[in-house]
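next comes the sequence, and after it the predicted model I'd like to discuss.
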Amino acid sequence: MQRYIETVDKFSTWVGHAFAWCIMVMIFGVGYEVFVRYVLRDPTAWAFDVSYMMYGTLFMMGGAYALARDSHVRGDVFFRTWSPRTQARLELFLYFIFFFPGVIALMIAGWKYAGRSFRYLEVSSMSPADVPIWQFKLIIPAAGALLFLQGTAQVCRCILCIREGKWPEKIADVEELETVLKHQAEDHVRLQEDYEDKKGADGK
């Protein structure tokens, strides 16, 4: 079970890192549009479409990565005060009651939506350049499938926590600033205590 969690986490991480490059494409598109619009007085007909398609793709395909890092928004005012086993039992219940039904609905509806768009090769209705967007509709069921896969790993994580009384370790590739500052403060306190202990020992 632990190996399955690690495998799925690594895959979600790889997908999240790969689609993070959408930010660079979006920045290039917006930056180029600003330059040609205000400097050359010749705005593009495609930059707006590129920006919202890249942002939407990043948002959707990064969902599983965020779930693996426990980064989705949650009202944890009370949750954080509970024991790990209680947290895991609640999360396990919520995954089956809300998460999986919602993700399955997303995959089914998204597949129908993408299929309909593909059949008539949909283009953007907001672009005079008729930018094709049917291929980006496939992102919807793909993101749902990734979320479903990561959700199974989260269920395994909950089961292990209920058994062992502690949450399994996550892949540590990034941390929130709050966590980084907390670790820095803890390291500072530890170094200060070591210094005072050494100073006291030298004085004796």
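Sure, I can see it.

surely Val36 meets Pro43?
Yes. Here Val36 reaches Pro43: they are 6.2 Å apart, a contact under C-beta atoms under 8 Å. Using the backbone N, CA and C atoms, a C-beta is placed for each residue, glycine as well.

ok, and what's touching whichever strand or helix holds Met60?
Remark: Met60 resides in helix 47-61, with elements defined by DSSP states H and E. Residues outside helix 47-61 that contact it (C-beta atoms under 8 Å, 6 or more residues apart in numbering): 15-16, 19-20, 22-23, 25-26, 29-30, 32-33, 124, 126-127, 129, 131, 133, 136, 139-140, 142-143, 146.

Tyr95: neighbouring residues, count only.
By other C-beta atoms under 10 Å, the residues close to Tyr95 number 17.

hang on, I meant Pro101
Counted by other C-beta under 10 Å, the residues lying close to Pro101 total 11.

list the buried residues for the strand or helix carrying Leu147?
Taking DSSP H and E as the definition, Leu147 sits inside helix 139-164. Going by neighbour count (16 or more other C-beta atoms under 10 Å), the buried part of helix 139-164 is 139-151, 153-158, 160-162.

mark which of the contacts of helix 47-61 are part of helices, please.
Mapping the contacts of helix 47-61 onto helices (DSSP state H) picks out 15-16, 19, 22-23, 25-26, 29-30, 32-33, 136, 139-140, 142-143, 146.

wait, what's in contact with Leu92?
Counting by C-beta under 8 Å, 6+ apart, Leu92 touches 155, 158-159, 162.

same thing but 7 Å
Going by C-beta atoms under 7 Å, 6 or more residues apart in numbering, Leu92 touches 155, 158.

just the pLDDT at Cys158, thanks.
What the model reports for Cys158 is a pLDDT of 95.

helix or strand for the residue nearest the centre of the chain, which one?
The centroid of the chain falls nearest to Ala66 when counting by C-alpha atoms, centre = their mean (2.3 Å). Taking DSSP H and E as the definition, one finds Ala66 inside helix 63-68.
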